[in-house]
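**Student:** sequence? don't have it. structure:
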């Protein structure tokens with residue numbers, strides 16, 4: 001379509017906005033009289049290309065991967081005896097999905113190792129970093145981030161402010177502990193250890209909605225460590241549990257943020273209901289509408305201790321000057337290289353600007 005006077009077509013604008021080392025990968029699932037197919041469009045500075053791939057056993061493999069990852073949730077010490085077998089089952093599905101979704105696009109991606117992924121339908125629930133090529137997890141070879149659409153990413157790129165120097169970054173961290181979240185205080189202490197006097201911490205009863213509204217408005221990094229719940233039946237009732245009650249989507253939208261990154265260290269914060277038109281309804285969208293340039297969120301109920309360690313590594317990478325997507329990649333790749341099960345590191349994804 002005609003973009004209007006003085007405006008250039010979306011594809012050309014995307015190409016000009018993308019760095020040389022970066023590709024934008026857009027997915028669309030097609031189910032019609034011709035069958036079940038996947039359209040993948042790869043946009044780079046040099047070209048716009050596409051592939052049409054058979055969907056094959058995509059649904060079964062997606063369900064299988066998530067089932068095998070979730071099986072680690074309640075295992076504890078009992079599962080350690082079967083760790084090798086369980087890892088092999090995860091890798092079986094992860095390799096099949098890599099062969100289906102990623103390997104056919106390798107010629108289009110070339111040597112680019114930073115990829116912005118725009119998922120569609122069921123692919124919104126896929127931890128892309130946990131795809132496996134037979135030797136490495138994808139997060140060990142690529143820096144990944146997610147975008148709601150190409151136009152949303154482009155608008156965010158145009159509006160993104162230059163990041164402050166690491167030693168001038170203002171960090172606000174709120175945490176609310178509980179029976180299933182015993183590591184929250186240690187998690188916030190790790191944030192303070194990395195950022196020092198630049199970090200403002202509010203724990204338990206001090207971590208209120210009023211404090212969030214006042215402290216977070218000028219934060220560069222906002223870290224929220226608390227219980228979270230996604231309500232698939234009515235996403236508007238999804239919430240984060242602060243010290244004085246639930247912070248709902250409506251409450252989040254009322255915030256005025258300028259944060260380069262919001263870190264949601266809570267369960268299922270990256271879950272969204274995919275509404276008609278592939279519109280995502282959930283906490284990520286709410287924080288984006290409130291002004292956050294990027295949102296780090298989880299796809300499943302994360303384990304408290306492993307999350308604290310992962311995010312401590314991420315904060316250290318941010319402090320060292322890494323952009324958010326690269327900081328997440330470094331933290332997840334280190335956990336993967338150490339042999340950690342994907343349950344512990346693959347839940348988190350960066351949405352928006354990286």
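**Tutor:** Right, received. Where do you want to start? Computed from a predicted structure; not experimentally measured. Residues are numbered from 1 along each chain as shown.

**Student:** what about residue 125, how many neighbours?
**Tutor:** By other C-beta atoms under 10 Å, the residues close to residue 125 number 17. Where C-beta positions appear, they are placed from N, C-alpha and C, glycine not excepted.

**Student:** same deal with residue 300?
**Tutor:** Based on other C-beta under 10 Å, the number of other residues close to residue 300 is 18.

**Student:** hang on, isn't it packed against residue 67?
**Tutor:** No: using C-beta atoms under 8 Å, residue 300 makes no contact with residue 67, being 11.3 Å away.

**Student:** what sits in contact with each of these two?
**Tutor:** Common contacts of residue 300 and residue 67 (C-beta atoms under 8 Å, 6 or more residues apart in numbering): none found.

**Student:** contacting residues for the nearest residue to residue 306 once chain neighbours are set aside?
**Tutor:** Spatially, and ignoring its direct neighbours in sequence, residue 306 is nearest to residue 344 (3.9 Å; C-beta to C-beta, 6 or more residues apart in numbering). The contact partners of residue 344, by C-beta under 8 Å, 6+ apart, come to 72, 303, 306, 307, 310, 335.

**Student:** Doesn't residue 344 lie inside a helix?
**Tutor:** Yes: using DSSP: H, G, I helix; E, B strand; the rest coil, the secondary structure at residue 344 is a helix.

**Student:** Helices of the stretch 201-350 of the chain, start to end?
**Tutor:** 209-215, 249-253, 283-289, 304-319, 324-337, 342-345 (DSSP state H, counting those that start in this stretch).

**Student:** of the contacts of residue 344, buried ones?
**Tutor:** 72, 303, 306, 307, 310, 335 (16 or more other C-beta atoms under 10 Å).

**Student:** who's in contact with the second one?
**Tutor:** Counting by C-beta under 8 Å, 6+ apart, residue 303 touches 73, 343, 344.

**Student:** ok, then the element right after the host helix or strand of residue 157?
**Tutor:** Per DSSP states H and E: residue 157 is located in helix 150-159. Where DSSP H and E defines the elements, the next helix or strand beyond helix 150-159 is strand 171-175.

**Student:** Check the model's average confidence along that next one for me.
**Tutor:** Strand 171-175 carries an average pLDDT of 96.

**Student:** Run me through the strand neighbours of it, direction for each.
**Tutor:** Its sheet considered, strand 171-175 pairs with strand 199-203 (parallel), strand 221-225 (parallel) by DSSP bridges.

**Student:** which of these is buried the deepest?
**Tutor:** Highest mean neighbour count of the strands paired with strand 171-175: strand 221-225, a mean of 26 (counted as mean count of other C-beta atoms under 10 Å).

**Student:** Give me the pLDDT value at residue 1.
**Tutor:** On the pLDDT scale, residue 1 is placed at 45.

**Student:** returning to that earlier point: mind putting the strands paired with strand 171-175 in a markdown table, distance to residue 212 included?
**Tutor:** Formatted as a markdown table, the strands paired with strand 171-175 follow (distance: least, C-beta to C-beta, whole Å):
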| stretch | distance to residue 212 |
| --- | --- |
| strand 199-203 | 8 |
| strand 221-225 | 8 |
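
**Student:** Of the ones you listed, which is nearest residue 139?
**Tutor:** Taking C-beta to C-beta, strand 221-225 is the member of the strands paired with strand 171-175 nearest to residue 139, at 21.0 Å.

**Student:** ranges for the strands of the stretch 51-200 of the chain?
**Tutor:** 114-118, 143-146, 171-175, 199-203 (DSSP state E, counting those that start in this stretch).

**Student:** orientation of the last one relative to helix 304-319 in degrees?
**Tutor:** Here strand 199-203 points in a direction 160 degrees away from that of helix 304-319 (axes from the mean of the first three to the mean of the last three C-alpha atoms, to 10 degrees).

**Student:** ok now strand 199-203, how far from the chain's centre?
**Tutor:** Mean-position distance between strand 199-203 and its chain equals 23 Å (C-alpha atoms, centre = their mean, to the nearest Å).

**Student:** tell me the mean pLDDT over that strand?
**Tutor:** The pLDDT scores in strand 199-203 average 96.

**Student:** Can you name the residues in contact with it?
**Tutor:** With contact meaning C-beta under 8 Å, 6+ apart, strand 199-203 is reached by 170-177, 184-185, 188, 191-192, 208, 211, 215, 219, 243.

**Student:** Over to stretch 113-120?
**Tutor:** Outside stretch 113-120, the residues that touch it by C-beta under 8 Å, 6+ apart are 19, 21-29, 109, 126, 128, 141-150, 153, 278, 325, 354.

**Student:** Direction included, what does the strand or helix carrying residue 36 pair up with?
**Tutor:** Under the criterion of DSSP H and E, residue 36 resides in strand 35-43. Within its sheet, and counting by DSSP bridges, strand 35-43 is paired with strand 22-32 (antiparallel), strand 48-54 (antiparallel).

**Student:** Make JSON lines from those strands and add distance to residue 79, mean neighbour count and mean pLDDT to it.
**Tutor:** Conversion of these to JSON lines gives the following (distance: least, C-beta to C-beta, whole Å; neighbours: other C-beta atoms under 10 Å; pLDDT from 0 to 100):
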{"stretch": "strand 22-32", "distance to residue 79": "33", "mean neighbour count": "17", "mean pLDDT": "94"}
{"stretch": "strand 48-54", "distance to residue 79": "34", "mean neighbour count": "13", "mean pLDDT": "96"}
